[in-house]
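Participant: Sequence and predicted structure are below.
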Amino acid sequence: MTRVLVLNGPNLARLGSREPEVYGTASFSELAELCRATGRCLGLDVEVRQTDDEAELVRWVHEAADARRPVVLNPAAFTHYSYALRDALSQRTAPLIEVHISNPAARGVQADVGDSRRSRWHDRRFRAAVVRACAASDRTLASKAG
């Protein structure tokens with residue numbers, strides 16, 4: 001079973017209470033369960049993580065690269081200034097799908113390393129990102145086999 005990591009950056013544990021007019025009313029727990037449920041429907045093992053620590057997020061990206069594991073990433077505020085995260089993401093060995101709850105437009109320093117970018121709050125954005133990671137992973141595996 002393919003494992004997908006859904007990695008979330010700073011302040012996302014506050015979803016549901018943090019500026020609901022911008023970020024919506026769904027809690028982080030609800031978002032995590034949505035991602036896991038979507039993965040189950042696709043035959044994926046989805047693990048959802050959140051950290052406010054840049055170094056921890058970089059370690060998780062390294063872990064994913066070493067395991068050739070697809071990643072759905074919401075870097076949150078790290079989008080705007082984290083060259084350490086950008087450098088870690090450039091070492092990826094499996095699909096990377098970047099998602100955002102609000103619209104960072106082209107402000108992020110990771111803008112050129114992902115396969116896709118999704119923005120604006122809506123549960124289906126995360127669901128679509130998990131589906132896209134699955135499809136991209138299948139294409140990657142097929143190209144290596146062929």
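Facilitator: Done, it's in. Because the structure is a prediction, the values reported are computed rather than measured.
Participant: Which stretches in this protein count as helices?
Facilitator: Using DSSP state H, the helices found in the chain span residues 20-23, 28-42, 54-67, 83-89, 123-145.
Participant: ok, and the helix or strand in the chain with the lowest average confidence?
Facilitator: strand 116-118 (a mean of 51; mean pLDDT, DSSP states H and E).
Participant: quick one: contacts for residue 18?
Facilitator: residue 11 (Cβ atoms under 8 Å, 6 or more residues apart in numbering). In this view, the C-beta of every residue, glycine as well, is placed from N, C-alpha and C.
Participant: any idea how far residue 100 is from residue 23?
Facilitator: Distance check for residue 100 against residue 23: by Cβ to Cβ, to the nearest Å, it reads 10 Å.
Participant: next one: residue 93
Facilitator: According to Cβ to Cβ, residue 93 stands 31 Å off from residue 23.
Participant: For these two, work out which one has more neighbours and name it.
Facilitator: When residue 93 and residue 23 are compared for neighbours, residue 23 comes out ahead with 17 against 13, by other Cβ atoms under 10 Å.
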